[in-house]
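J.: model the structure of this input:
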Amino acid sequence: MADPSSSSSFQRSYDVFLSFRGEDTRNSFTAHLYKELRTKGINTFIDDDKLERSSLIVLSENYASSGWCLEELVKILECMRTMGQRVLPIFYNVDPSHVRYQKENLDKHLLHMKKKEEYGEAADLEDALTQVANLSAYAYQGIATYIWNKLFSRSSNYADQNLVGIESSIREIKSLLFTESLDVRMVGIWGMGGIGKTTLARAVYNQISHQFEACCFLENVSEKQDFLSLQKKFLSQLLEDENLNIKGCISIKALLCSKKVLIVIDDVNNSKILEDLIGKHGWFGIGSRIIITTRNKQLLVTHGVNEVYEVEKLNDDNAVELFSRYAFKKAHPIDDYVELSQCIVVYAQGLPLALQVLGSFLFDKSKRQWESQLDKLKKSPKKEIQDVLRVSFDGLEDNERDIFLDIACFFQGHDKDYVMEIFRSCGFFPDIGIRVLIEKSLIFVVENKLMIHNLLQKMGREIVREASPKEPGKRSRLWIHDDVNHVLTKIRELKKLKEYPLTCPV
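T.: Residues are numbered from 1 along each chain as shown. Have a look, this model is predicted:
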């Protein structure tokens with residue numbers, strides 16, 4: 001083994017560092033384990049001074065007799081405490097209790113160290129062996145698969161060059177989660193469709209998941225699926241068993257009340273999902289954290305989450321960078337496209353989904369094609385964007401739909417009190433209707449003025465237009481002067497026909 005004290009820095013160029021007693025297992029168990037890990041694509045290193053993202057410790061009969069191995073063990077556990085490294089002990093032909101209580105070969109090495117008056121270091125080694133023996137171990141069958149899942153399904157080194165402008169949001173959410181506390185906490189991430197709720201939740205999840213015994217990320221739970229399938233997916237991730245045989249509803253509390261878990265329930269639109277899957281704080285072990293993303297703030301309030309984080313749109317600088325990473329594969333626009341890029345950013349108004357969709361679409365397109373797409377966007381929004389935004393509208397009741405469409409077509413930027421009086425006279429119940437739209441992130445109020453995101457306004461107007469694309473007179477609302485003139489002209493013409501009916505000669 002390499003001398004662990006020679007490591008001056010911990011460069012994470014490998015996925016797994018393998019610690020073992022060479023004389024015991026180098027040409028047998030460890031050789032087979034190393035081969036299997038490499039076959040799975042897990043970058044594994046042995047006999048090196050770099051301590052990586054995870055460490056496998058093969059504890060064999062004579063492991064404790066090697067001073068080299070024991071010093072390396074102390075360094076591994078130090079990295080576990082200070083760097084969040086995962087440590088997995090494998091007990092090969094040795095009982096964990098023998099490791100825990102320093103039996104047999106360990107005594108000789110400790111006695112030798114104490115004779116040299118290295119009392120402090122000897123105590124560190126005794127403590128290290130006790131710690132590693134108390135860690136959850138894993139049978140050697142399927143170790144490679146287990147490690148692969150740990151590394152690549154929830155990596156703590158999550159990084160994506162296309163994540164822009166979310167660092168401060170990640171920090172705020174992590175502070176709300178307050179993982180240092182032993183209580184169970186639920187935190188909601190709330191915002192309009194396409195604002196980046198899932199991206200934020202995934203980034204936070206991957207940064208803190210190594211602190212938990214079990215983790216689960218349930219994405220897009222709003223998509224239609226029966227509860228038993230959702231429950232099976234939920235428990236399969238937390239119990240790390242894809243072959244769970246669930247034939248009916250089972251007690252999630254009974255299974256998880258002693259586990260420290262990290263759970264993300266993404267895109268919730270139904271309170272029953274929360275009631276059935278994450279119920280109450282007491283269902284989970286101390287230190288557990290639950291993150292819920294939704295467009296509906298009321299779901300979070302009703303379920304009793306500890307904190308709610310509202311996701312804000314990107315500022316202009318971050319919007320330009322995010323768009324550029326998709327449109328040009330770099331952090332800023334190409335010189336000839338700066339002005340056109342700015343037009344796209346103005347259109348998207350800081351909505352990450354729109355910036356990503358349009359950036360990807362315009363990548364490697366000519367300036368003429370960019371200009372053509374901009375002209376097209378003025379008339380109708382891009383379908384991929386509208387489909388995401390429309391989910392919130394489709395979940396509204398008829399009264400709220402009417403209020404939303406009226407705001408989108410006529411009342412953007414108008415005084416809230418004035419508009420509510422109009423709605424009351426129309427029998428729209430605006431006091432509750434306006435609140436529902438705000439809670440579902442469809443509108444917001446600034447200085448008592450009703451405001452709506454540019455793309456949500458375009459979506460609302462497109463919904464009205466779709467009812468009769470070619471005949472404005474059959475639409476429920478008209479807001480474009482040319483359409484109004486067209487309809488009024490046709491009405492006048494019809495009125496003239498009625499006033500001067502054609503008569504047949506006798």
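J.: what's the burial count for residue 88?
T.: Residue 88 has 19 neighbours, counted by other CB atoms under 10 Å. Every residue, glycine included, has its C-beta placed from N, CA and C.
J.: partners of the helix or strand hosting it, with directions?
T.: Assigned by DSSP states H and E, residue 88 belongs to strand 86-91. According to DSSP bridges, strand 86-91 has the following sheet partners: strand 54-59 (parallel).
J.: from the chain's centroid, how far away is the helix or strand just after the strand it pairs with?
T.: As assigned by DSSP H and E, the chain's next helix or strand after strand 54-59 is helix 67-83. Offset of helix 67-83 from its chain centre (CA atoms, centre = their mean, to the nearest Å): 32 Å.
J.: please name every helix or strand in contact with helix 67-83.
T.: Applying 3 or more CB pairs under 8 Å, 6 or more residues apart in numbering; DSSP states H and E, we find helix 67-83 packed against strand 16-20, strand 54-59, strand 86-91, helix 105-115, helix 119-134.
J.: least confident of these, on average?
T.: Lowest mean pLDDT within the helices and strands packed on helix 67-83: helix 105-115, at a mean of 50.
J.: helix, strand or coil: sort out the closest residue in space to residue 227 that isn't next to it in sequence for me.
T.: Spatial nearest neighbour of residue 227, excluding adjacent residues (CB to CB, 6 or more residues apart in numbering): residue 276 at 6.3 Å. Under DSSP: H, G, I helix; E, B strand; the rest coil, residue 276 falls in the helix class.
J.: now swap in residue 417 and tell me
T.: Applying three-state DSSP: residue 417 is helix.
J.: so it sits right up against residue 448, yeah?
T.: Yes. Contact criterion CB atoms under 8 Å: residue 417 and residue 448 qualify, at 6.9 Å.
J.: pLDDT weak spots in the stretch 351-500 of the chain?
T.: Applying pLDDT under 70 to the stretch 351-500 of the chain picks out residues 493-500.
J.: put the alpha carbons of stretch 309-329 into PDB.
T.: What follows is stretch 309-329, C-alpha atoms only, in PDB (Å, rounded to 0.1, in the frame of the first residue of the first chain):
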ATOM      1  CA  TYR A 309     -38.800  29.000  -1.300                       C
ATOM      2  CA  GLU A 310     -40.100  30.900  -4.200                       C
ATOM      3  CA  VAL A 311     -38.000  30.600  -7.400                       C
ATOM      4  CA  GLU A 312     -37.300  33.800  -9.100                       C
ATOM      5  CA  LYS A 313     -36.700  34.300 -12.900                       C
ATOM      6  CA  LEU A 314     -33.100  34.800 -14.100                       C
ATOM      7  CA  ASN A 315     -31.600  38.300 -14.300                       C
ATOM      8  CA  ASP A 316     -30.600  39.500 -17.700                       C
ATOM      9  CA  ASP A 317     -26.900  38.600 -17.500                       C
ATOM     10  CA  ASN A 318     -27.600  35.000 -16.400                       C
ATOM     11  CA  ALA A 319     -30.400  34.700 -19.000                       C
ATOM     12  CA  VAL A 320     -27.900  35.700 -21.800                       C
ATOM     13  CA  GLU A 321     -25.400  33.200 -20.500                       C
ATOM     14  CA  LEU A 322     -27.900  30.300 -20.200                       C
ATOM     15  CA  PHE A 323     -29.300  31.000 -23.700                       C
ATOM     16  CA  SER A 324     -25.800  31.200 -25.200                       C
ATOM     17  CA  ARG A 325     -24.800  27.900 -23.700                       C
ATOM     18  CA  TYR A 326     -27.500  26.300 -25.700                       C
ATOM     19  CA  ALA A 327     -27.500  28.500 -28.800                       C
ATOM     20  CA  PHE A 328     -23.700  28.800 -29.200                       C
ATOM     21  CA  LYS A 329     -22.300  26.200 -26.800                       C
END
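J.: what about that stretch, average pLDDT?
T.: Rounded mean pLDDT across stretch 309-329 is 95.
J.: which residues touch it?
T.: Applying CB atoms under 8 Å, 6 or more residues apart in numbering, the contact partners of stretch 309-329 are 161-162, 164-165, 169, 172-173, 176, 187-191, 195-197, 200, 330-334, 337, 341-342, 344-345, 348-352, 355-356, 358-360, 362-363, 453.
J.: what are the buried residues along that stretch?
T.: Neighbour-count burial for stretch 309-329 flags 309, 311, 313-314, 318-328 (criterion: 16 or more other CB atoms under 10 Å).
J.: now the residue most central in space within the chain. Nearest residue, chain neighbours left out?
T.: By CA atoms, centre = their mean, the chain has its centre lying nearest to residue 202, at 2.5 Å. With CB to CB, 6+ apart as the criterion, residue 202 has its nearest non-adjacent residue at 7.0 Å, and that residue is residue 217.
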